[in-house]
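# sequence and predicted model, in that order:
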Amino acid sequence: MDAPSLLMVIVVITLAFEFSNGWHDAANSIATVVSTRVLKPLPAVAWAAFWNFVAAFVFGTAVAKTMGKGLVRLDLVDEHVLLAGLLGAIVWNMITLYLGLPTSSSHALMGGYGGAAVAKAGMEAIITSGWVKPIIFIFIAPFIGMFAAMLVTVATTWIVRNMAPQRVDRWFRRLQLVSAAGYSIGHGTNDAQKGMGIIWAALVAAGALSKDVAHPPWWTIIACHAAIAGGTMAGGWRVVRTMGQRITKLSPFGGFAAETAGAVTLFATAQAGIPVSTTHTITGCIIGVGAARRLTAVRWGVTRRILWVWVLTMPGAAILGILVYGLIRSL
């Protein structure tokens, strides 16, 4: 396959990955509003998808820069590495989607990309310093989300302490639409930028773009946000059930707290250029809401199962990236 055709394939598969990301992570944006019955599933995914796309015009491209230039040495890899990394991440996403597990599409992409780069050029291809923050935030992001959600829950509980329960429920059903929109913006800006970073790297590797360009082309920004919004519209209902019902029982009040804490966390990490997992973040927020009521409100058995998948995602996707790269080279 000639270089222009291979580049086109990488762009198409990246957009397919972003679509699968939106599909897989639809639960992150809509599980709370669906489980609290604030919105029915179809309006909920439409609401989330709209704000996923709006995110293209809200934040910059710091995460895309980290993903495209900060993880792997572009002078040591080629388009085959990017293709293998994408395919490895997509396979991991499909496996976990089938199992109904809310794993991280972001870490799957990083793992697949890194594994394929190592298969091509050894550990020399890895920019070690670029991996430190993303790996640390595998463990930190859920706790940031959890404590932020506990803080929001306690603060809002104090604010409404003298209000009638029916009035509280009515108000927070409205406010949850706002918090869901905020979270969907955070989800869109964080996860769409990862695909932008891969396309950016592919353009540089193919010689179609200078490595000194400060931002990805505008069309990659629009295309990646459109793809992730389309995937959110498609939905991922098995994961919605795990996120919205199995971890803890949520009310509109709790859903608002989880989404608000998640949005704040994602806004901060996007500004810092740290590619965190939106799945890890919102799961930590949901746990925080339950734990703020009482520790027994959280179904810790389900949570432990999710944690194991989090830990295994990056190395699992890396192995798939290595295998796919070997298969591509043999063909």
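Sure, I can see it.

# by mean pLDDT, flag the weakest helix or strand of this protein.
helix 237-241 (a mean of 53; mean pLDDT, DSSP states H and E).

# so which bits of stretch 153-164 are buried?
Within stretch 153-164, the residues that qualify as buried by neighbour count (16 or more other Cβ atoms under 10 Å) are 153, 156. Every residue, glycine included, has its C-beta placed from N, CA and C.

# beyond the least confident helix or strand of the chain, next helix or strand please.
Scanning forward in sequence from helix 237-241 by DSSP states H and E, the next helix or strand is helix 252-272.

# and the gap between the one residue sitting closest to the centre of the chain and residue 153?
Closest to where the C-alpha atoms of the chain average out (Cα atoms, centre = their mean) is residue 278, at 4.0 Å. Residue 278 sits 20 Å away from residue 153, going by Cβ to Cβ, to the nearest Å.

# try residue 18
32 Å.

# now do residue 206
Here residue 206 is placed at a distance of 49 Å from residue 153 (Cβ to Cβ).

# low-confidence ranges, the protein, go.
1-2, 24, 26-29, 31-32, 101-102, 235-250, 293-306 (pLDDT under 70).

# all strands of it, in order?
For the chain, strands defined by DSSP state E do not occur.

# what is the top helix by length along it packed up against?
Counting by DSSP state H, the longest helix found in the chain is helix 165-205. Contact here means 3 or more Cβ pairs under 8 Å, 6 or more residues apart in numbering; DSSP states H and E; on that basis helix 165-205 packs against helix 3-35, helix 41-54, helix 62-69, helix 79-99, helix 105-121, helix 218-234, helix 252-272, helix 278-293.

# now do 6 Å
Helix 165-205 sits against helix 3-35, helix 41-54, helix 62-69, helix 79-99, helix 218-234, helix 252-272, helix 278-293, with contacts defined as 3 or more Cβ pairs under 6 Å, 6 or more residues apart in numbering; DSSP states H and E.

# nearest to residue 143, of these?
When those are compared by Cβ to Cβ, helix 278-293 sits nearest residue 143, at 6.2 Å.

# buried residues, stretch 323-331. List them.
Buried residues in stretch 323-331, counted by 16+ other Cβ under 10 Å: 323, 324, 325, 328.

# I'd like those residues laid out as a markdown table, including distance to residue 267.
Formatted as a markdown table, the buried residues of stretch 323-331 follow (distance: Cβ to Cβ, whole Å):
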| residue | distance to residue 267 |
| --- | --- |
| 323 | 36 |
| 324 | 34 |
| 325 | 35 |
| 328 | 38 |
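
# out of those, which is nearest to residue 285?
Nearest to residue 285 out of those is residue 324 (Cβ to Cβ; 33.4 Å).

# how many neighbours does the nearest residue to that closest one once chain neighbours are set aside have?
Nearest residue to residue 324 in three dimensions, chain neighbours excluded: residue 84, at 4.3 Å (Cβ to Cβ, 6 or more residues apart in numbering). A count of neighbours around residue 84, defined by other Cβ atoms under 10 Å, yields 28.

# start the count at 29 instead of 1 going forward.
Yes, from this point I'll number from 29; that puts the last item at residue 112.

# distance of residue 112 from residue 257?
Per Cβ to Cβ, residue 112 is found 27 Å from residue 257.

# equivalent analysis for residue 216, please.
Taking Cβ to Cβ, one finds residue 216 at 7 Å from residue 257.

# overlap of the contact sets of these two?
By Cβ atoms under 6 Å, 6 or more residues apart in numbering, residue 216 and residue 257 have these common neighbours: residue 80.

# compare these two (neighbour count), which wins?
The residue with more neighbours, out of residue 216 and residue 257, is residue 216; 32 against 26, by other Cβ under 10 Å.

# wait, that one sits on residue 83?
Yes - using Cβ atoms under 6 Å as the test, residue 216 is close enough to residue 83 to be in contact (3.3 Å).
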